[in-house]
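In: sequence and predicted model, in that order:
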Amino acid sequence: NAGVTQTPKFQVLKTGQSMTLQCAQDMNHNSMYWYRQDPGMGLRLIYYSASEGTTDKGEVPNGYNVSRLNKREFSLRLESAAPSQTSVYFCASSLRTPGDEQYFGPGTRLTVT
Amino acid sequence: GDSVTQMEGPVTLSEEAFLTINCTYTATGYPSLFWYVQYPGEGLQLLLKATKADDKGSNKGFEATYRKETTSFHLEKGSVQVSDSAVYFCALLQGGSEKLVFGKGTKLTVNP
């Protein structure tokens, strides 16, 4: 089992460029999540998807869009990147039974110059 | 709203020392509590969890007990190893919620 995979691992963008971060899970999980991790801030939820076809905003959704393409895949799009979006992005998934843990991907390190 | 507070790091210990990382939470109801670990350059992995009061989660020599009376879930290990060097995150999940609430993380460095 690959678990949760993310591409790319690293990316450098110029301000104003766009890009899509890809995430896929092979655990047949219902829920998927996008977080960003910044020094001293812990992880903050950007968007999540409780099931195929649904998405909801998290704590810091501004500047991002998401697509739950199917049960396996959940992408995060930056339409016009800003330096404030420099961060490490993690995708996660969970089965969403009570008390169930989330499984995390290896992360994408994004730098916006 | 719900929140998690962990002790500030970094924490530096010698091998075989005793480890405690404090975690307290503010939440309504009866959340599930988690400790996640992040090794350098990797994503987060679940270390242990507890889903109700007085439950003890344990894994790889680490333990934490869900204390509702003190709203705490402190992480402990009796004898740390160099390989335990990582960032540790305490988190809570409310029943019926999708949103895992994280503390800010505590960086642990264990020296030989």
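Out: Structure received. Numbering: from 1, shown residues only, chains lettered A, B, ... in the order given.
In: scan the helices and strands of chain B for the one with the lowest mean pLDDT.
Out: strand B:100-102 (a mean of 90; mean pLDDT, DSSP states H and E).
In: is that one positioned near chain A?
Out: Yes. Using C-beta under 8 Å from any C-beta of the partner chain, strand B:100-102 reaches chain A at B:100, B:102. (Glycine included, C-beta is placed from N, CA and C.)
In: tell me what that strand is packed against?
Out: strand A:42-49, strand B:3-6, strand B:86-93 (3 or more C-beta pairs under 8 Å, 6 or more residues apart in numbering or on different chains; DSSP states H and E).
In: tell me which other helices or strands the shortest one touches.
Out: Of the remaining helices and strands, those touching strand B:3-6 by 3+ C-beta pairs under 8 Å, 6+ apart are strand B:23-26, strand B:86-93, strand B:100-102.
In: if we go to 6 Å?
Out: In terms of contacts (3 or more C-beta pairs under 6 Å, 6 or more residues apart in numbering or on different chains; DSSP states H and E), strand B:3-6 is packed against strand B:23-26, strand B:86-93.
In: what residues does chain A put near chain B?
Out: Within chain A, the positions lying close to chain B (C-beta under 6 Å from any C-beta of the partner chain) are A:42-43, A:45, A:48, A:50, A:90, A:98-99, A:101-102, A:104-107.
In: which PyMOL command selects the buried ones in those residues?
Out: A single PyMOL command selects the buried members of the residues of chain A next to chain B (16 or more other C-beta atoms under 10 Å in any protein chain shown):
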select buried, chain A and resi 42+43+45+48+50+90+101+102+104+105+106+107
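In: got a markdown table for the residues of chain A next to chain B, with pLDDT too?
Out: Below are the residues of chain A next to chain B laid out as a markdown table (pLDDT from 0 to 100):
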| residue | pLDDT |
| --- | --- |
| A:42 | 84 |
| A:43 | 90 |
| A:45 | 93 |
| A:48 | 94 |
| A:50 | 89 |
| A:90 | 96 |
| A:98 | 59 |
| A:99 | 63 |
| A:101 | 84 |
| A:102 | 90 |
| A:104 | 94 |
| A:105 | 95 |
| A:106 | 93 |
| A:107 | 95 |
